[in-house]
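Enquirer: Let me see the structure of the following:
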Amino acid sequence: MSSPCDSGLINLQLPAYHGLPPSYSTLTFEGLNSTAFSHLRIQTFILHPFIKDIVISLVSPNGTSIEISNGLGDNDANVFNGTIWDDLASIGAGNATTKYATGFVSPVLRPQESLSTLLHDPNGNWTLVISNVGILYPYGLLSRWIIYLDRAWL
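Expert: Numbering: from 1, shown residues only. A predicted model of the protein is given here:
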């Protein structure tokens, strides 16, 4: 059983680097049993014509941060528009055999750093941090994101 937290449609602009700070979106969990969860996944809906220019990080309520994707996705567009990031995925986002293609979403990928590192007390603010480090394509959009906390089976 999963406890999702969904941003809904936010359409957060991801301006290109040019000295601008990253874009932030926060989701909040409240009132959850801190020992009831054993698995964390996130889903991103990101539109960008050159996804390799996007750096995605997740910050847990206790301030721990991990990198989900940095320089991945090749030169293709919109491949993380619906991707589920899961430590248990059979394909790593940075795996040399991972193939990307413009317009085809990579459905489930293992993030560059383990999401399980963040699995402490889930209550509080979770922040998705996205930097658009590109110069040629000065725009992108985070339309939505979801955190899934999966319950431990006893």
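Enquirer: Could you tell me which ranges of this protein sit under the pLDDT cut-off?
Expert: Applying pLDDT under 70 to the chain flags residues 1, 18, 93-100, 102-103, 137-138, 152-154.
Enquirer: need the strands for this protein, in chain order.
Expert: 2-6, 12-13, 23-29, 37-47, 54-59, 65-70, 81-86, 108-109, 124-132, 141-151 (DSSP state E).
Enquirer: any chance of the ones you listed in TSV, with distance to Leu115 and mean neighbour count too?
Expert: Quick note: C-beta positions are derived from backbone N, CA and C, even for glycine. Listed next are the strands of the chain as TSV, based on distance: least, CB to CB, whole Å; neighbours: other CB atoms under 10 Å:
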stretch	distance to Leu115	mean neighbour count
strand 2-6	14	14
strand 12-13	21	14
strand 23-29	14	15
strand 37-47	5	20
strand 54-59	7	22
strand 65-70	7	18
strand 81-86	7	20
strand 108-109	11	20
strand 124-132	11	20
strand 141-151	10	19
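Enquirer: Show me what the closest residue to Tyr148 other than its chain neighbours bridges to in the sheet.
Expert: Distances taken as CB to CB, 6 or more residues apart in numbering place Arg41 nearest to Tyr148, at 4.4 Å, with adjacent residues excluded. For Arg41, the beta-bridge partners are Asp86, Tyr148 (DSSP bridges).
Enquirer: how much space between Gly82 and Val59?
Expert: Counting by CB to CB, to the nearest Å, the gap from Gly82 to Val59 is 22 Å.
Enquirer: Kindly report the same for Gly92.
Expert: For Gly92, the distance to Val59 - CB to CB - is 22 Å.
Enquirer: ok now do the residue nearest to Leu118 when sequence neighbours are not counted, which residues does it touch?
Expert: Of all residues not flanking Leu118 in the chain, Ser60 sits nearest, at 3.9 Å (CB to CB, 6+ apart). Taking CB atoms under 8 Å, 6 or more residues apart in numbering as the criterion, Ser60 is in contact with 118, 120, 124, 126.
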